[in-house]
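In: Provided below for reference: sequence and predicted model.
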Amino acid sequence: MTKRYLLIGAGLLLSGAIFGTKSSVAASEVMGTMASSGSVSFTSLPDPFRVTEVPDMYFGSIDVNYNKATTKAAVASGGNMQTTQRISVHDVREGLIKGWHLQAQLSDFTSTAGSTIKGAVIRLSDPKTQVNGADTERISLSGKSEINRDLNTVLVGETRQLGEHTAEFDYEDMRLVVPPSPTNATEGYRENERYEAVITWNLFAGPEPSASEE
């Protein structure tokens, strides 16, 4: 008797479980549908090692000289051009940092009418050098700190500190040297014409190469 009642009770409980499942399915019936959207976009990470600022230099007006070279320091501004005074290198490379060097090359100065100054150079001197706003002696001018038609190393960073590496120049520390003007009318410098040139700057990882490697 006792065993029979236990079996019947178990059967009743199982039956209830089955009925309960059928009721749950009925309650989950889809009553309406909508759609939503998701989106994502990608941007490239900034280059961890790059030159971020180089100076524009305006040298004002120079008297034509047929006998000797003329040297002129940069001035603040003139016409629609303004002198900027800083070279900046952004360096946050991972791993062992071995410094960097910056090279520059100067094109010929050419006037609006096509006259050309050949052999002009820009000489840099005595910059204030910093890493992240703190003075440092680990950034310095190269011994070839003359910008001319050759690709020369101008600035060398030997610091392993990460961040913004800068060299800032006073106007007097940026000087243009112009050779004597040819005396013939075809090649001579022309008065009242504006001459412009382009400086191309190239940043390299690692220390300045030795003379034998260049």
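Out: Received, thanks. Given the structure is predicted, the values throughout are model-derived calculations rather than measurements.

In: Beyond the helix or strand bottoming out on mean pLDDT in the chain, next helix or strand please.
Out: Every helix and strand in the chain was compared by mean pLDDT, DSSP states H and E; the lowest is helix 2-27, with a mean of 40. Counting by DSSP states H and E, the next helix or strand C-terminal to helix 2-27 is strand 49-53.

In: And the contacts of the helix or strand just after that following strand?
Out: Using DSSP H and E, the next helix or strand after strand 49-53 towards the C-terminus is strand 70-73. Counting by C-beta atoms under 8 Å, 6 or more residues apart in numbering, the neighbours of strand 70-73 from elsewhere in the structure are Phe59, Gly60, Ile62, Asp63, Tyr171, Glu172, Met174, Arg175, Leu176, Val177, Val178, Pro180. (Each C-beta comes from the backbone N, C-alpha and C, glycine too.)

In: what do you get for stretch 121-140?
Out: Counting contacts by C-beta under 8 Å, 6+ apart, the residues touching stretch 121-140 from outside are 57, 87, 106, 141, 145-148, 154-159, 161, 163-170, 173-177, 199.

In: give me phi/psi at Leu162?
Out: The phi and psi torsions at Leu162 (degrees, to the nearest 10) take the values phi -90, psi 150.

In: Quick one: residues contacting it.
Out: Asp91, Val92, Arg93, Ile97.

In: Show me which of the residues you listed is closest to Ser28.
Out: Nearest to Ser28 among these: Val92, at 54.4 Å, using C-beta to C-beta.

In: low pLDDT regions in this protein?
Out: Residues of the chain meeting the criterion pLDDT under 70: 1-27, 209-214.

In: Any of the contacts of stretch 121-140 buried? List them.
Out: Using 16 or more other C-beta atoms under 10 Å as the burial test, the contacts of stretch 121-140 include 57, 87, 106, 141, 145-148, 154-157, 159, 164-169, 173-176 as buried.

In: Do me a favour and get the end-to-end distance for stretch 139-147?
Out: The first and final residues of stretch 139-147 sit 18 Å from each other (C-alpha to C-alpha, to the nearest Å).

In: so how far is that stretch from its chain's centroid?
Out: Stretch 139-147 has its C-alpha centroid displaced from the chain centroid by 20 Å (C-alpha atoms, centre = their mean, to the nearest Å).

In: Show residues contacting the one helix or strand Val156 maps to.
Out: Take DSSP H and E as the rule and Val156 turns out to sit in strand 152-157. Outside of strand 152-157, the residues that reach it under the criterion C-beta under 8 Å, 6+ apart are 87, 89, 91, 99-105, 124, 127, 138-142, 144-147, 165, 167, 207-209.

In: Could I have the buried ones of those as ChimeraX selection syntax?
Out: This is the ChimeraX syntax for the buried subset of those, where burial follows 16+ other C-beta under 10 Å:
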select :87,89,91,99,100,101,102,103,104,105,124,127,139,141,142,144,145,146,147,165,167,208
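
In: from the contacts of strand 152-157, which ones fall inside strands?
Out: Within these, residues falling in strands by DSSP state E are 87, 89, 91, 100-105, 124, 139-141, 146-147, 165, 167.
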